[in-house]
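Novice: Got a sequence here, can you model it:
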Amino acid sequence: MQVKTTLRIGAADAHYGGGLVDGAYLLKVFGDLATEICIRHDGDEGLFRAYTSVEFLAPLRAGDFVEVTAELVSAGRTSRRLRFAAVKLIAARPDLGPSAADVLMQPVQVATADGVVVVPLACQRLGGIS
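Specialist: Alright, predicted model coming up:
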């Protein structure tokens, strides 16, 4: 099972100079997609247990568009292993003007992560079907 969303990074999301967005922004989006997978798979939001790896590979800035994907890699009795990826599709170009942007011919991998979510047995309602 896979879910994805495309988001525009707003000015309010920038945390550092130059409109740079902190990595915690993507971790929040990864968490939201993990919740969606658990609801679709189990009928319950589950609880995020741990990220087993996180890599930030390229910067995100206000005005960029990013596609974020989460994939259910495996499902145990209560644990769900997930893989996440974030890819920049459109890059803001403030150097050309306040509303300028470029569609990237080659999307840029921004971040990847692996994580584990737990859905207690008592909370599972759908029997692992989506």
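
Novice: biggest strand in the protein by residues?
Specialist: When the chain is parsed with DSSP state E, its longest strand is strand 101-118.

Novice: buried set for that one?
Specialist: Neighbour counts using 16 or more other CB atoms under 10 Å place 101, 108, 110-113, 115-118 of strand 101-118 among the buried residues. Glycine gets a C-beta too; all of them are placed from N, C-alpha and C.

Novice: Ignoring the adjacent residues along the chain, who's closest to the residue nearest the centre of the chain?
Specialist: Nearest to the mean C-alpha position of the chain, by CA atoms, centre = their mean, lies Phe30 at 3.2 Å. Leaving aside its sequence neighbours, Phe30 sits nearest to Phe84 (CB to CB, 6 or more residues apart in numbering; 4.4 Å).

Novice: which SSE is that neighbour in?
Specialist: Following DSSP states H and E, the helix or strand that holds Phe84 is strand 79-92.

Novice: List the neighbouring strands of that strand plus their orientation.
Specialist: Neighbouring strands of strand 79-92 in its sheet, by DSSP bridges, are strand 65-75 (antiparallel), strand 101-118 (antiparallel).

Novice: any low-confidence regions in the protein?
Specialist: 127-130 (pLDDT under 70).

Novice: Tell me how many other residues crowd the residue nearest to Phe30.
Specialist: For Phe84, the number of neighbouring residues by other CB atoms under 10 Å comes to 23.

Novice: what bridges to it?
Specialist: In this entry, Phe84 is beta-bridged to Ala70, Ala113, by DSSP bridges.

Novice: Tell me how far it lies from Asp95.
Specialist: Per CB to CB, to the nearest Å, Phe84 is found 30 Å from Asp95.
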